[in-house]
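S.K.: sequence and predicted structure are below.
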Amino acid sequence: MRTKVFFVLVIIFGIVITGCKQTEEKAEVEDIEEVKIDLINDEFPEEKKEVKAVLDSLFMSIQQRETEELLSYHLYSDKFTEFRDGLPRTGASENEEYERQLLKNISSFDYNLEDLKINIFDKVAIVTFNADFRPTIGENVVQLWRQGTIVFVKNDGVWRITHEHFSPMTVEDSE
């Protein structure tokens, strides 16, 4: 009889301990309470500053013709896509080749970005702008008016480009 009481007490003790542990874990989860993110209405000001700094550095690398620096701003993978000048979509290898060729062919690069907009959706940023690109190729300054969209993803704490889209833009003279 004594053995039976001992086993019953051990079982009851086990159930009580398990129940307490589950209640404790549940309380810990409730204490952690997830921060709610409103992807549409939250402005994410710190992230906007980070993306703007990356964008500035990216264009600085073009001006300084630093190929590896320029390429480092891209998150090249099978998910990388690019549209350029109305041509069919390309991927990472085509973009890398284009970027290398661009820096090889220019001797200088000036630009203005107008109507710059940076929208943050937590770990995704969509940057849009109207660009006046002026690369110098040989002795000639070529003026390229482009609408640009660049999609950044925050990967391992760093903003990297995963999509680029540049289209010709019609500019009307204001004379």
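M.R.: Ah, there it is. In this text, all values refer to a predicted model and were calculated from it rather than measured experimentally.
S.K.: what's the distance between the residue nearest to Gly138 when sequence neighbours are not counted and Gln64?
M.R.: Spatial nearest neighbour of Gly138, excluding adjacent residues (CB to CB, 6 or more residues apart in numbering): Ser107 at 7.6 Å. Where C-beta positions appear, they are placed from N, C-alpha and C, glycine not excepted. In this structure, Ser107 and Gln64 are 12 Å apart, going by CB to CB, to the nearest Å.
S.K.: same question for Tyr76.
M.R.: 21 Å.
S.K.: next one: Ala125
M.R.: Using CB to CB, which is the criterion applied here, Ala125 is 24 Å from Gln64.
S.K.: those two: which has the busier surroundings?
M.R.: Here Ala125 and Gln64 are compared on neighbour count by other CB atoms under 10 Å; more neighbours surround Ala125, at 24 against 13.
S.K.: test my guess that that one contacts Asn155.
M.R.: No: using CB atoms under 8 Å as the test, Ala125 is too far from Asn155 to be in contact (11.8 Å).
S.K.: quick one: the helices in this protein?
M.R.: In the chain, the segments counted as helices under DSSP state H are 2-32, 45-63, 67-72, 92-105.
S.K.: what's opposite Arg84 in the beta bridge?
M.R.: Partner residues in beta bridges with Arg84: Phe166, with DSSP bridges as the criterion.
S.K.: no no, Ile106
M.R.: Applying DSSP bridges to Ile106 yields these beta-bridge partners: Ile137.
S.K.: wait, doesn't it sit right on Ile137?
M.R.: Yes: shown here, Ile106 and Ile137 form a contact pair, counting by CB under 8 Å, at 5.9 Å.
S.K.: about what we covered before: thought Asn140 was touching the residue nearest to Gly138, still the case?
M.R.: No: in terms of CB under 8 Å, Ser107 does not count as a neighbour of Asn140; the distance is 10.0 Å.
S.K.: which ones are touching the closest residue in space to Ser57 that isn't next to it in sequence?
M.R.: Spatial nearest neighbour of Ser57, chain neighbours left out: Tyr73 (7.2 Å); criterion: CB to CB, 6+ apart. Tyr73 is in contact with Val54, Ser57, Leu58, Ser61, Arg160, Ile161, counting by CB atoms under 8 Å, 6 or more residues apart in numbering.
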